[in-house]
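Student: Let's see this in three dimensions:
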Amino acid sequence: MKMVLSGNASAAYGAKLARAEVISAYPITPQTKIVEKIADLIANGEFETEFVKVESEHSAMAAAVSASLVGARTFTATSSQGLLLMHEVLHWASASRTPIVMVNINRAVAPPWSVWADQTDTIAQRDTGWMQFYCESCQEVVDTMLILYKVAEDKDVMMPAMLSEDAFLLSHTSEIVDMPEQAEVDEFLGKFEPEQRLDVENPMSFGSLSMPHQYYYEFRYKMAEAMETAREKILDAEREFEKRFGRSYGGLLDLYRCDDAEIVLIAAGSMSSTIRVAVDEMREKGKKIGLARLRVFRPFPIKELRELAKGAKMIGVLDRSFCFGYEGAFFTEVKSALYDMENRPLVKGYVVGIGGRDVTLDVIHDVINDC
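Tutor: Residues are numbered from 1 along each chain as shown. Coordinates of the predicted model:
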């Protein structure tokens, strides 16, 4: 069935299709519409789930961790300051190996107050052990949520995942969405049945004290191993999704007109749509330009980037955030991935669109011309 949905409504329907059993969330602009839509679906009898009302985003994530540990499929959503308030519990979620799926609406961090698009909030969580996906369309939001549950709950992964939507540019923009059939989704996902869970009949401890000479090091190694495993699991899940539902999103790095591109722009989120238009315009003028959409930031697409770099002369990396070190986070990691290649292309970083500033065609053309 086709429906006209915003990015926020798409996230709500994604949770419904996945049959999330426990939802805990706290409203925050521009994420509030996700929670409100889920509440409507529950009130109308369309969505059977346990909705836990909490007093903050910190509590929302704590509830999600607890629910996941007893074996429930869980979902939450937040944005900006709310994600920052969750930061402590994000580490608990990943180290406890709870496959929670969360939607974050990318919004600038205060002060000054801004409710517009900026990816600083999720970039600030890059080392918490969560998988990170950045979406471009409402259709991709629904489909990616299902893929995330498939990957996160895999017994060889068991890591949480966040899906990111740019504030208003995607969260409040409505598009036609082809909604998958519930029966097909059920067959695609199956039930969440973790091998270990909190159970009064079979007691075990989670997150207990570990002395320096014991297992803390090994726990972190297992997390890193699971994140590496997630690379292939994402590709496997996408292949199965495409076979069942007829849609694919290019894996970890979505390439557009890159086969013979001399200059490739790397970006994530809603600005990718604008870059596609700019690429087409430049192609009509005989310029060999391409787009590599960074769909997955964690795990980082090292293999795909290195393969892309073999044919490019110049790579321009667009960050919609700024890290107070030397440069943007995407740029830093792209450079690191290519550093030891013998014939690597030139790589340059551009900080654009922070605080909700529009990333227009003129901005993209300036970047291309500079490259």
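
Student: distance of the closest residue to K313 other than its chain neighbours from I123?
Tutor: Leaving aside its chain neighbours, K313 sits nearest to E262 (4.6 Å; criterion: C-beta to C-beta, 6 or more residues apart in numbering). To be clear about C-beta, it is placed using only N, CA and C from the backbone, and glycine gets the same treatment. Look at E262 and I123: by C-beta to C-beta, to the nearest Å, they are 29 Å apart.

Student: if you count what's nearby, which of those two comes out ahead?
Tutor: More neighbours surround I123 than the other of E262 and I123, with 22 against 14 (other C-beta atoms under 10 Å).

Student: Correct me if wrong: that one contacts S321.
Tutor: Yes: with contact defined as C-beta atoms under 8 Å, I123 reaches S321; the gap is 4.4 Å.

Student: quick one, what contacts the residue nearest to K313?
Tutor: Applying C-beta atoms under 8 Å, 6 or more residues apart in numbering, we find E262 in contact with 288-289, 312-314.

Student: Which residues does the strand or helix carrying G349 contact?
Tutor: Element membership for G349 (DSSP states H and E) is strand 346-351. Strand 346-351 is contacted by residues 313-322, 327-328, 330-332, 334-335, 338, 367, 370-371 when judged by C-beta under 8 Å, 6+ apart.

Student: Apply 6 Å and report the result again.
Tutor: 314-319, 322, 327-328, 331, 335, 367 (C-beta atoms under 6 Å, 6 or more residues apart in numbering).

Student: same check, this time on stretch 167-182
Tutor: Here stretch 167-182 has contacts from 1-8, 10, 30, 105-107, 116-117, 138-139, 142, 165, 245, 270, using C-beta under 6 Å, 6+ apart.

Student: Now the buried members of those residues.
Tutor: Buried members of the contacts of stretch 167-182, scored by 16 or more other C-beta atoms under 10 Å, are 5-8, 10, 30, 105-107, 116-117, 138-139, 142, 165, 245, 270.

Student: Just the ones of the residues you listed in helices?
Tutor: 7-8, 10, 138-139, 142, 245 (DSSP state H).

Student: Show me how far stretch 117-137 is from its chain's centre.
Tutor: 6 Å (C-alpha atoms, centre = their mean, to the nearest Å).

Student: Identify each buried residue in that stretch, please.
Tutor: Going by 16+ other C-beta under 10 Å, stretch 117-137 has these buried residues: 117-126, 128-137.

Student: One more: stretch 274-291?
Tutor: 274-276, 278-279, 282, 288-291.

Student: do the same with stretch 42-61
Tutor: By neighbour count on 16+ other C-beta under 10 Å, the buried set for stretch 42-61 is 42, 47, 49, 51-52, 54, 57-61.

Student: tally of neighbours for M158?
Tutor: Based on other C-beta under 10 Å, the number of other residues close to M158 is 22.

Student: Helix or strand: which one has it?
Tutor: Going by DSSP H and E, M158 is not part of any helix or strand.

Student: Can you identify each of the helices in the stretch 251-371 of the chain by residue range?
Tutor: Secondary structure of the stretch 251-371 of the chain (DSSP state H, counting those that start in this stretch): helices at 271-284, 302-309, 329-338, 361-370.

Student: residue contacts, C323?
Tutor: By C-beta under 6 Å, 6+ apart, the neighbours of C323 are A329.

Student: nope, E304 is what I was after
Tutor: Contacts of E304 (C-beta under 6 Å, 6+ apart): 252-253.

Student: Just the local confidence number for it, please.
Tutor: Turning to E304, the model gives it a pLDDT of 98.

Student: how close does it get to I275?
Tutor: 18 Å.

Student: Helices of the stretch 101-250 of the chain, start to end?
Tutor: Using DSSP H, counting those that start in this stretch, helices in the stretch 101-250 of the chain cover 120-123, 138-152, 182-189, 216-245.

Student: what comes into contact with the shortest one?
Tutor: With C-beta under 6 Å, 6+ apart as the contact definition, helix 120-123 has outside contacts at 80, 83, 104, 109, 164, 321, 329.

Student: and which of those is nearest R357?
Tutor: Nearest to R357, judged by C-beta to C-beta, of the contacts of helix 120-123 is S321 at 12.3 Å.

Student: how close does the closest one sit to V115?
Tutor: On the measure of C-beta to C-beta, S321 and V115 end up 16 Å apart.

Student: What residues does V142 make contact with?
Tutor: Per C-beta under 6 Å, 6+ apart, neighbours of V142: 10, 14, 177.

Student: Would you format the residues you listed as CSV with pLDDT included?
Tutor: Output for the contacts of V142, formatted as CSV (pLDDT from 0 to 100):
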residue, pLDDT
S10, 98
G14, 98
V177, 98
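
Student: got the contacts of E262 as TSV, with distance to E88 and pLDDT columns?
Tutor: Below are these laid out as TSV (distance: C-beta to C-beta, whole Å; pLDDT from 0 to 100):
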residue	distance to E88	pLDDT
K288	47	98
I289	43	98
A312	40	97
K313	44	97
M314	41	98
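
Student: and the residues you listed, which two are the farthest apart?
Tutor: I289 and K313 (11.2 Å).

Student: Correct me if wrong: V22 contacts A72.
Tutor: Yes: with contact defined as C-beta atoms under 6 Å, V22 reaches A72; the gap is 4.5 Å.

Student: partners of the spatially most central residue of the chain in the sheet?
Tutor: Nearest to the geometric centre of the chain sits F133, at 2.1 Å (C-alpha atoms, centre = their mean). Per DSSP bridges, the residues bridged to F133 are L163, V296.

Student: Wait, it touches L163, no?
Tutor: Yes: under the criterion of C-beta under 6 Å, F133 makes contact with L163 at 5.0 Å.
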